[in-house]
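Asks: Quick one, what's the 3D model for this:
(chains A, B and C)
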Amino acid sequence: MTPGVAPAVELRELSKRFGEVAANAGVNLRVRAGTIHGVIGENGAGKSTAMKLLYGMLRPDSGEILVEGIPCVWSSPAEAIARGIGMVHQHFMLAGPYTALDNILLGAEPVRRGMVDRRAARLKLDALARQYGLPVDWDRPIEELPVGVQQRVEILKLLYRDARILILDEPTAVLTPQETNGLFENLKKLRGEGKTVLLVTHKLRDVMAFTDHVTVFRAGRVAGDMPTSQTNPQELANLMVGRKVILNIQVPPAQPRPESALEISGLTLAGAAGSRHRLAGISLRVKRGEIVGIAGVEGNGQSELVQAILHPRDPRCRTSGAVNVLGREVSGWAAARIRALGVAVIPEDRLHEGLLPERPVRENFLLGLQRTAEFSRAGVLNSRRLADAATAAVSEYDVRPPDVDLCAGHLSGGNQQKLIVAREFHRRPSLLIAAQPTRGVDVGAIEFIHQRIVRARDEGAGVLLVSSELDEVLALSDRIMVMYEGRITAEFARGAASEQELGLRMGGA
Amino acid sequence: MIRDLLGSTLRVSTPLIFAALGGMFSERSGVINIALEGMMLVGAFGAAVGTLATQSPWLGSAWGMGAGVLLALLYGVFVIRLRANQIVAGTAINMLALGLTPFLCKIRYDVTGQTPAIPIGDRFQSAPLYLSWALVAICWLWMKYTRQGLWLRFAGEHPEALDAAGVRVNRVRWAAVAVSGALAGMGGASLSVFLSSSWARNMTAGRGFIALAALIFGKWRPVPTAMACLLFGFADAVETRLEGAKLWGREPIPVQFIQILPYLVTILVLAGFVGRSRAPKALGTVFSRA
Amino acid sequence: MAFGEDALDWGPAFDEDASARRPYLELAIGYRLLAIFPAVRRILQPILAVAAGLGLGLAATAIAGENPWHVLVILARGAFGSGYGLGMTLFYSTPLIFTGLSVAVAFQAGLFNIGAEGQLTLGALAAAAVGAVWPGLPWPLAPVLAGVAALAAGMLWGAIPGWLRARRGSHEVINTIMLNFIAAGLASYVALYVLSNPDSQNPETRPIGAGYCISQYAVFGGAPVSAALPLALLAAVAVWLLMSRTVLGFEMRAVGQSEAAARAAGIDPGRIQILALALAGGLAGLVGVGEVLGNAQKFKVGFSPEYGFMGIAVALLGRNQPAGVVAAAMLFGALHKGAADLDMETEHLTREVSMIFQALIILSVSAEGVWNWMSARRRAVKGVKPVGAPLEPGVAS
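Replies: Numbering: from 1, shown residues only, chains lettered A, B, ... in the order given. Got it, this is the predicted structure:
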């Protein structure tokens, strides 16, 4: 690189707030032309926001974006595309039934005599495919192509529009290791042809193996920026994790009982044709009276694991394997029957799965408990007892405002979560499955929920804690397992793993 | 007898083909169109009025298509602009057509049930029949080979991809709904100015829904949809021919079973028992950027 | 969705409600007001929608050259001006209560029942068939049996699209429309070939036995208001009890609100969907009681002036609540009856005008639903889901 050439992309003091949260707080980033530049960070660190600002999907509150030295202010991705920026989204923008060719052409069709000139497009694409080594069968419908090839189509879409700067958001999330290697060979070729690649990922291995330069995001800021050759996975993991919340919770040592609350063996969920298994032979055991934490970056099979435990009947949730809940083999059981054994669940997506947002708190408290003897007899609800129990629970769990007639959707995130905890603990569970229990919850509520989880453990419940917050997993878990790409890749006893070591494992190192 | 049956099959399929092709535009763009029935009905009325006024079936059909477009635009205001539920608004549009046509008929001709008869010389002989099949070919080519056809297909399948490619999704949908109204109106016109000699109250009698069924049966594609229209038209023709005829000279033939066949087949196809018909993925969804 | 999907990825991490930090008392008062205000709005908005629909419809009559006030007077006098008029209004309202409840129950469970027309056709056919096949049965066994037959036939016709939706994944809207036509075909086959009336040229079944007839009320001057009206009101009460007081009703509403949340709570959404549509079908089937046992004494092909479709309007206007459904059914019944007099008493109008009124009222209600949805969204953008804020409000036209 000759000095004096403007960087391909430069972000200056870029800031973006969502309500009270600063997703980006003064981000500075320089990307040299003709390099593969890794952007790494945990979920919510602000890397995706920065990329969306760069691609024109969001508008910055303040700060500057320079592309090839020219300041840019855009109101839509179309303008960014016109300036040579292209983005491959994590969820592909491809229509399944239509051919690869049509998906690439869309919006940039060459027209001859009123018709789409597919022949001309094909010639241009053939040349591009040869130049960059990206062969695609143009006439096959997208849905018949393997995921790796679909991704190739997305990249070709950018090249077809003469993009010089390519943003790839978590491109390896759905790829097999072979496909991943193929992708990076292609990216190297693109670099060789003078393109600039921004690789957004949480995988240390990808960054170490394939990038020239790396920027680490943490809490909306750039926490580190260096040539890849001058760093190592350990340092990157340290920079990524940092210290976020100081958790003041005293967790007394666990006193596990001999009987297990949950035993899983060989649990498998096949992925879509041509992609890897979403769950690959998971086996684990949670004893009553202990907390087992599942650490991992989101999207590595944690949600699928929870669904597979709770919905054994649903073929979309489980392909094979055995699950034993509280001493009962539950294969083929209806979800309600499993829950009735004494299983409480804090779902990861509380607005979608945990609550009826437009219904009052009272009814949300009943959800899932409606068939218990406490609240109904012969199919008729006992409204008075429900009102009493809901009122008591709302005050015990400090749900504010303590109004059981208020719509659950009007509560703040923390109070919604406390409501769910109140409801689920009302069962006096013997097994608690808690997925991201403190996501988007204020500090006070976090502490409260953590205390309740520990108390449930001490009262004899087995707890499976799924969380992508390392502090949380470290603070609460008596044993920690790391999930990566649908497998359990490591297991630690309490205190045996440092945050950095877990961070490394979560990144697949 | 066979020749006769085939001829009348072709004739009664004609309005179905127009309407089903109209439905195809709207649904491929992602907008459910159960208002097809109402658009056909106003089309039939407009065409009858227009033909009586201009003494030309062509100009009359243009009136009918215009009426269909007007109703379609009203539908568009509710479902695209105001994001109203497409089923609710569609039902209301059908009702409106059912109420508005006799209302206007009474105002114009001071009779309730039907318009005055159109002189035979002012009616179509067979033009709509040929036109409908030409249109099937045009639609097929258009969808496959023009950029607008490509946009239409993406609007109903993956509107986000279309938007990301820089094409305004809702603009495509507006256009598709308008075309839908025009073609449904032409379908109605071929009922009143081709198959019969006037507009009569509720003369579509569910043909809009049959067209919808044919569209589903034809997997939302022009040529198979036209074939489905032909099949449904055949059921209709057979029914009319056999009404009252005796089977082996003894039992009357229960034409009702032939009559319900199209609907039964549609249900079976939709449920995946016979073949599989997959709706455009974004059918019935509102598109907005946030 | 390009932006929405990504926003969802963000949503949970940042959906801390800013207002949670405000003093708590102030919040409680604010929420209380919010809770009361929608209650007022819930009542007020349908009334406004009706006013808008009627206003537009009357404006249309003015275009036709009538005095709108005169039209309104005829409508009102026709519907309520005499014992007979009121009776006919109630007679038309009765089936609309049933079909309105039918659509409402399905809607509460998140389903669109466009099939009430077919369900009521088969319900009426079943009642008439029982009465024609066993004409000698004594009162009160006979009407009960016929009523149960109507209920069962309707339930079956509702359960089919329910099953197709729950287990085959095909959408209930298309299936119920198709089943309407199939029901019409089956009914006309039965009326013409199986149970045809030898004494009539019309497509209708043989008359039912005398023991089947339910009482008509003399106060209505010969209008066929029968015990079906109290039955319909009873059904409304039963639906209200079911939805608000029972486990099944709660589960139905939960599925209607959020299939995902219901599933996560251990409810089988498919089972609930089948039950809900069966129940909806049964309610529509009960239309047969009033028509066959209380009015015609037989099944007549085409007896229903689209009660099924009008039921959609009734449910929509009644906000899917039983009391609202009864009120809306009365209104549409009155419109239907009142408009019948327009034929005779005006120069330019026909009874079909009532369809125009109904259509305009539905459109007004649906537009108003849009308004609700938008204000909910505005709230969401401000507080609960800040990241869902549009890139550029209004861009999506």
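Asks: all contacts plus neighbour counts: C-alpha atoms, from now on.
Replies: OK.
Asks: measure residue B:114 to residue B:49 for me?
Replies: Relative to residue B:49, residue B:114 is positioned 11 Å away (CA to CA, to the nearest Å).
Asks: Which residue of these two possesses the greater neighbour count?
Replies: residue B:49 (26 against 20; other CA atoms under 10 Å in any protein chain shown).
Asks: Excluding chain neighbours, what is closest to that one?
Replies: residue B:60 (7.0 Å; CA to CA, 6 or more residues apart in numbering or on different chains).
Asks: how many other residues sit next to the one you found?
Replies: 28.
Asks: Please apply the same query to the one 5 residues further on.
Replies: Burial of residue B:65 is recorded as 31 neighbouring residues (other CA under 10 Å).
Asks: what do you get for residue A:114?
Replies: By the criterion of other CA under 10 Å, residue A:114 has 12 neighbours.
Asks: these two touch, right, the residue nearest to residue B:49 and residue B:45?
Replies: No - look at residue B:60 against residue B:45 with CA atoms under 8 Å: they stay out of range, at 9.7 Å.
Asks: Residue of the stretch 101-250 of chain C nearest chain A, please.
Replies: Closest approach between the stretch 101-250 of chain C and chain A, counting by CA to the nearest CA: residue C:246, at 4.3 Å.
Asks: where are the low-confidence patches of the stretch 101-250 of chain A?
Replies: Within the stretch 101-250 of chain A, the ranges that satisfy pLDDT under 70 run A:174, A:242-249.
Asks: in the stretch 101-250 of chain B, what spans have low per-residue confidence?
Replies: Applying pLDDT under 70 to the stretch 101-250 of chain B flags residues B:243-250.
Asks: can we see that at 80?
Replies: B:112, B:239-250 (pLDDT under 80).
Asks: Those residues of it touching chain A, which are they?
Replies: B:145-147, B:150-151, B:154, B:157-158, B:160-162, B:164-167 (CA under 8 Å from any CA of the partner chain).
Asks: Sort out for me which of these are in helices.
Replies: B:145, B:147, B:150, B:151, B:154, B:157, B:160, B:161, B:162, B:164 (DSSP state H).
Asks: Can you list the residue ranges for strands in the stretch 201-350 of chain C?
Replies: Using DSSP state E, counting those that start in this stretch, no strands are found in the stretch 201-350 of chain C.
Asks: and it, which of its residues are near chain A?
Replies: So the stretch 201-350 of chain C meets chain A at C:245-248, C:250, C:254, C:257-258, C:260-268 (CA under 8 Å from any CA).
Asks: change it to 6 Å
Replies: Proximity of the stretch 201-350 of chain C to chain A (CA under 6 Å from any CA of the partner chain) is limited to residues C:245, C:246, C:247, C:260, C:261, C:264, C:265, C:266.
Asks: The nearest residue to the last one once chain neighbours are set aside: which element?
Replies: Put plainly, it is residue C:266. Once flanking residues are discounted, residue C:266 sits nearest to residue A:336: 4.0 Å by CA to CA, 6+ apart. Residue A:336 belongs to helix A:335-340 when assigned by DSSP states H and E.
Asks: what are the ranges of the helices in chain B?
Replies: Counting by DSSP H, chain B has helices at residues B:2-28, B:36-54, B:57-76, B:86-109, B:127-145, B:147-157, B:159-164, B:169-189, B:207-217, B:222-242, B:255-270.
Asks: returning to what we had before: could the residues of the stretch 201-350 of chain C next to chain A go into TSV alongside neighbour count, pLDDT and distance to residue B:68?
Replies: Formatted as TSV, those follow (neighbours: other CA atoms under 10 Å in any protein chain shown; pLDDT from 0 to 100; distance: CA to CA, whole Å):
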residue	neighbour count	pLDDT	distance to residue B:68
C:245	17	93	47
C:246	22	95	47
C:247	23	95	47
C:260	19	91	40
C:261	26	94	42
C:264	25	92	46
C:265	27	92	47
C:266	20	91	48
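Asks: Export the residues you listed as JSON lines, with columns for distance to residue A:106.
Replies: Below are these laid out as JSON lines (distance: CA to CA, whole Å):
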{"residue": "C:245", "distance to residue A:106": "54"}
{"residue": "C:246", "distance to residue A:106": "52"}
{"residue": "C:247", "distance to residue A:106": "51"}
{"residue": "C:260", "distance to residue A:106": "34"}
{"residue": "C:261", "distance to residue A:106": "37"}
{"residue": "C:264", "distance to residue A:106": "39"}
{"residue": "C:265", "distance to residue A:106": "42"}
{"residue": "C:266", "distance to residue A:106": "43"}
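Asks: Mind checking which of the residues you listed land in helices?
Replies: Among these, the members found in helices (DSSP H) are C:245, C:247, C:260, C:261, C:264.
Asks: ok, so of those residues, who is nearest chain B?
Replies: Checking these one by one against chain B (CA to the nearest CA), the nearest turns out to be residue C:260, at 18.4 Å.
Asks: tell me the contacts of the closest one?
Replies: residue A:353 (CA atoms under 6 Å, 6 or more residues apart in numbering or on different chains).
Asks: So it versus residue A:349, what's the distance?
Replies: Taking CA to CA, one finds residue C:260 at 10 Å from residue A:349.
Asks: try residue A:307
Replies: 12 Å.
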